[in-house]
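1. fold the following.
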Amino acid sequence: MRRFLPILATVLLLAAPAAISAEDLSNIKWETNETDEPFGDPAARKGGTFNTFTTAYPLTVRLMGPNSNDSFAGYNRAFTMDFTLVIRHPNTDNFIPWMATHWSVQDDKKTVYYKLDPDARWSDGKPVTADDYVCTWETMKNEWIVDPFYNQYARDFFSSVEKIDDYTLKVIGTKTSWRPLADYTLWPTPKHVTNIFDGWAKDEKINLTPQVVPGPYIISEMATGERVVFSRVSNWWGDKKHYMQGLFNPEKIVIKVIADEDRAFDYFKKGDLSFYTVNTAKKWANEMDFDAIKKGWVHRRREFVDAPQGMYGFAMNLEFPLFQNKDFRKGLQYLFNFKELNEKQMASAYYRQNSAFEGTEYMNPNVKAYPFDPKLGRDHLAKAGFSKRGPDGILVDEKGRRASFTLTYGSKGLEPHMTIVQQLYKRFGVDMQLSLREPAAAFELGLERKYEMTIISRTSGFYPEPRQYFHSEFKKTTNNNAIFGFENKEVDELIEVFRWDQDRDKRVQAMHRIDEIINDEAFYMPLWFGPYIRFVYWDHVQFPKNYFPKRTQQYTDWWVFWIDQDREKALNEAMAAGKSLGEDPVVDVDPYGVKERLEAAAMTGEAAPATSDGSKSD
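-> Next up is the predicted model:
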C-alpha cells in the first residue's frame, strides 16, 4: 500500500559533459526532490556545547572491521556513514538529496546514476568525488579489513561502482531490486587518505586516528577512558543545503564515558550533561520531581514517534547444549511472565513485542509472543527431560544436568528487571544466573557467540534486515549480528525472496513466514517497547516545534536540537540566584498522532496498525 507518494522534480540533462564521452548520458532523466519541508528548524542557532555520554570508551574509531559496532559507533557514523548518496526524509519517507543532488534509476532496476554535489567537501577541504565512492566499495571488498559482514555485503549488493567523471557515479547492483535507491547507495571514503594493508584492522594508529569526514563534525579530542570530543567543521559545506538546514547545530559535542546509566543521570541533574534519555519507566514515574524540574530549569518530554522498533529481547545461543533443545527453549518462553514484570518494575508503561520485525508491515499479525502459561512451560521442560527437581529445587534431567544457564547483559539499569525474571524462573525450577558485564564487553560476547543467553538490542532501518541476523551464511563466522547461531534452509530461501523478488505480496508473505519460523524455533524471546522517546533536557537546549522527526528511534538519529546561548546565560543566572523559571506543565507531545492512534485501538480492542510501510518504493 502506498501511503506516501514521492513528489519528484524531473530534470532532463540536455548535453552530456565532454569529459564523459565514453558514456552516452544524453537521454538520462534525472530526478531530485527539493519540495519537502526541511525536518530541522531553519531558525536554529549554531554554537554552544552539547554534553552527552556513552557507556564505554571506543576501542576503535574505524568505520569497519573489529570493534567498530560498539556503543560509540552511532556517534562515529552520524558524521560519516550516514552521509549516503540519498536518504529518506524522516517525516515524509520520500527520497531526498544528501550527498547526491540527482539520481536516475534505469529500467533494469539495478543500475543507478548519481550526480554528486560539487559543493561537498571533506573535513580537510578536499572535494568529495566519485573516486571516494569507488574507494568505499573497494574497501568493503578487502579482506584485510577483517569484516565478514561488509565483505559479504560488497559481494552481494554491488556488481560495480564506476566513476563516470568527478561528479557522476554509476552503481550497478547484482540483481534487479524493488528498492534500488535503498539498496544501491553508498557513503564516501576519502581515497586521498585511505590505505588498506595487511594488519590494518589491528594497527593501533589506524584504530585511534580520527576519520576525515564529509559531515559537520570531526573528532578533536580523545581522552582515553574519559571522553571523546567532536568539534564543528568551520564553514561546513552542508549548512546552506535545503534539507540540512537546522541540523548539526552545536559547536562542540562532548561525549563523556559513564559506564553506569544511573550515574549518568546524576551527572545530568548536576548540569554536567545537556540531555538524558530516560530508558526506564520506574525512573520516569518516580524520579522526575527533582528541584531543577520544579523550578523549570529542566524540561521533560515523552514524544510519541512512529518508527520500526528493531529487535529487543532475550537471545539464546543455539550452540549452547541446553538451548539446542527446542522444548527447553519453548519452556522458557511460556514461563516468562511479562505482565508481572511490567507491573512490578515498569509501572505498566510498556507494550510486549511480538515480532523480530516489530513496527513494520513485515511483522506477521498472527504471530504473538508466547503467553505466560506455567502448565505448558512445565510440559515443554518435561519433554526436554527436565521433570524432576534436584536438592536445591532446580530441575535436573536423567544425566543430572541442571536446568541452568547464564544471562549476560550490559546495562546496570536492567539489573532490577533481570532479578525479577530470575526469581520468576526459579519458582518453576529454572536457574538463570545473572552476569552483568561492562557494556562493550557484553556486546562483544554476543558478536563472538561466547554467551548462553544475552539481551539483543538492535535498531531497525526503514526495512528490516533479516539476512544479517538469520541467514546461515553468517553462522560460519563470528563477530557479526548472527548472534543466535541459527541456520535454516527455508529461512535462507525466504530471505532471498524478500531481498530480490519484485512482487510485493511475495515479499510480505516471505517475511511473515520467517516470523512464524522464528517464533516456532523459540530462540528469540521478544521483550517490550514503548512507542515514544522519554527525555529530559536543560532549558538552553531547544527543539523544532515537532521535536524529533517521526521516524526517530534514538536522539542521535537526527541532530535537530540546538544550544540557545542567550537562554544558557539566563539559566545560569537563575540557577545562581535560586530563581524559579516556572515548572513546565507539558510532558506528552504527540506531533504525529501516534498516541491518539494507540488509544483509539485500545478502545476498540484492536491492534494499532503499523505505519512504517516498506512498500512505498515498489
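2. hey, let's count contacts and neighbours off CA atoms from now on
-> Fine.
3. tell me the centre residue of this structure?
-> Most central in the chain under C-alpha atoms, centre = their mean is residue 459, positioned 3.1 Å from the mean C-alpha point.
4. so how far is stretch 28-44 off the chain centroid?
-> Put simply, stretch 28-44 sits 24 Å off its chain's centre (C-alpha atoms, centre = their mean, to the nearest Å).
5. quick check on the residue nearest to the centre of the chain: phi, psi?
-> Main-chain torsions, residue 459, degrees, to the nearest 10: phi -80, psi 170.
6. surely it and residue 553 touch.
-> Yes - contact criterion C-alpha atoms under 8 Å: residue 459 and residue 553 qualify, at 7.2 Å.
7. now do the shared contacts for those two.
-> Contact criterion C-alpha atoms under 8 Å, 6 or more residues apart in numbering; residues shared by residue 459 and residue 553: 308, 309.
8. before we move on, back to that, enumerate every residue touching the residue nearest to the centre of the chain.
-> Residues in contact with residue 459 (C-alpha under 8 Å, 6+ apart) are 308, 309, 310, 311, 553.
9. all strands in the stretch 101-250 of the chain, in order from the N-terminus.
-> Under the criterion DSSP state E, counting those that start in this stretch, strands of the stretch 101-250 of the chain are mapped to 111-116, 158-165, 168-173, 217-223, 227-232.
10. okay, angle between the last one and strand 217-223 too, please.
-> Right, strand 227-232. Strand 227-232 runs at 150 degrees relative to strand 217-223, counting by axes from the mean of the first three to the mean of the last three C-alpha atoms, to 10 degrees.
11. which strands and helices sit next to strand 227-232?
-> Counting contacts by 3 or more C-alpha pairs under 8 Å, 6 or more residues apart in numbering; DSSP states H and E, strand 227-232 packs against strand 217-223, strand 252-257.
12. at 10 Å what do you get?
-> Judged by 3 or more C-alpha pairs under 10 Å, 6 or more residues apart in numbering; DSSP states H and E, strand 227-232 is in contact with strand 49-54, strand 217-223, strand 252-257.
13. measure residue 550 to residue 89 for me?
-> From residue 550 across to residue 89, the span is 10 Å (C-alpha to C-alpha, to the nearest Å).
14. ok, residue 203 next?
-> The value you get for residue 203 to residue 89, if C-alpha to C-alpha is used, is 38 Å.
15. the two - which one has more neighbours?
-> Using other C-alpha atoms under 10 Å as the criterion, residue 203 and residue 89 rank with residue 89 on top: 19 against 11.
16. surely the more buried one meets residue 96?
-> Yes - if you go by C-alpha atoms under 10 Å, residue 89 and residue 96 touch, sitting 6.2 Å apart.
17. intersection of neighbour lists for those two?
-> 36, 243 (C-alpha atoms under 10 Å, 6 or more residues apart in numbering).
18. sorry, back to before: for residue 588, find the nearest of the helices and strands packed on strand 227-232.
-> With C-alpha to C-alpha as the criterion, residue 588 lies closest to strand 49-54 of the helices and strands packed on strand 227-232, at 22.8 Å.
19. ok, and what's touching that closest one?
-> With C-alpha under 10 Å, 6+ apart as the test, strand 49-54 has contacts from 71-72, 74-75, 226-231, 249-261, 264, 267-268, 271-276, 439, 541, 561-565.
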